[in-house]
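Visitor: here is my input, please return the structure:
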Amino acid sequence: MSMSETQRSIFITGGASGIGRAVAVFFAERGWFVGIADIDQAGMAETMGMIRDGGATTHTLDVRDRAAWDAALAEFAKAAGDRIDVVFNNAGIGDGGPLVDQDEGELTRMLDINLKGVIFGAQASHPYLVKTAPGSVLLNTASLAGIIGAPGLAAYCATKWAVRGLTESLDAEWAADGIKVSALCPGFIDTPIIGKVSDASNQTAKETLIENGVEVSPVSIVPEVVWRAVHGDDLHYTVGKMAKRLRRMQRWMPGLVRKEMRKGGIGAEI
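Guide: Here you go, the predicted structure:
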């Protein structure tokens, strides 16, 4: 399926489920042409089945593969009338537990997907976003874990703090090109990432969070924030009341946040 010459387009990684899927459907409903990228073929097909308006294409992409980024974006640009307005650098994974217990393979996979994948996406998308600037956008998914350093999430937090650092650097670096760069910082969102069962507790992360009184927000609240990020000019966009509250606390009461994290804090049981 191809788009009209005036239709705006968005390329979304991690589009087979969760936040990526919700954003793909939301933007398509508002007339955007959508590129759904993932390694999960079945999940992408399900996302495509939810799109009735706007139009969409699917692209097999392992974000750890730099050459695959070039191929996927070239393929999408061709379908999208040789224009890409937004790249939503969203693909990511989440693993937790004490850092000393995480093995090298687990850590390497998380670093490669959550950080290298985002950096590669930025590199590959720049030539396309320059063409549609001013007004083109690179939106990177960071996290509340990129604002608050929580116990049990050390490596995950490290990747998301890095994504925020990358975003702030590119906001300055690409300003002259007319490209907006922003970070999405969700709290705990009800997606497959928190649906995994922990070996230690025999519970899903979602069940553990709710049991400990932590807010888990529905994925349906995310697309409107992404829409604001695409059309706005802020650097960071929090998602959910808890993320907004903790970001404010980290700014104005860092000592209190540190005390709470040392007592166990959010995510300690994940």
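Visitor: looking at the chain, which helix or strand is least sure?
Guide: Every helix and strand of the chain was ranked by mean pLDDT, DSSP states H and E. The lowest is helix 205-211, at a mean of 42.
Visitor: state the next helix or strand along the chain beyond the longest helix anywhere in the chain.
Guide: Criterion DSSP state H: the longest helix present in the chain is helix 154-173. The helix or strand immediately downstream of helix 154-173 is strand 180-186, counting by DSSP states H and E.
Visitor: wait, residue 139 touches residue 231, no?
Guide: No: the criterion here is C-beta atoms under 8 Å, and residue 139 misses it with residue 231 at 11.1 Å. In this view, the C-beta of every residue, glycine as well, is placed from N, C-alpha and C.
Visitor: please say which of these two ends up with more neighbours.
Guide: residue 139 (22 against 10; other C-beta atoms under 10 Å).
Visitor: who's in contact with the one helix or strand that one maps to?
Guide: Per DSSP H and E, residue 139 falls inside strand 137-141. Outside strand 137-141, the residues that touch it by C-beta atoms under 8 Å, 6 or more residues apart in numbering are 14, 19, 85-92, 118, 121-122, 125, 129, 163, 166-167, 170, 174, 179-184, 186, 226, 229-230.
Visitor: write a PyMOL command that selects only the buried members of those residues.
Guide: Applying 16 or more other C-beta atoms under 10 Å to the contacts of strand 137-141, the buried members can be selected in PyMOL as follows:
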select buried, resi 14+19+85+86+87+88+89+90+91+92+118+121+122+125+129+163+166+167+170+174+179+180+181+182+183+184+186+226+229+230
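Visitor: enumerate every residue touching residue 169.
Guide: Per C-beta under 8 Å, 6+ apart, neighbours of residue 169: none.
Visitor: tell me the pLDDT of it.
Guide: On the pLDDT scale, residue 169 is placed at 96.
Visitor: and if you look at the one 4 residues further on?
Guide: Residue 173 carries a pLDDT value of 96.
Visitor: please apply the same query to residue 147.
Guide: 72.
Visitor: now swap in residue 108 and tell me
Guide: On the pLDDT scale, residue 108 gets 94.
Visitor: which is the next helix or strand following the helix or strand hosting it?
Guide: If you go by DSSP H and E, residue 108 is part of helix 104-111. Next helix or strand after helix 104-111 toward the C-terminus (DSSP H and E): helix 117-132.
Visitor: and that next one, what does it pack onto?
Guide: When contacts are defined as 3 or more C-beta pairs under 8 Å, 6 or more residues apart in numbering; DSSP states H and E, helix 117-132 sits against strand 9-13, helix 66-79, strand 86-89, strand 137-141, helix 154-173.
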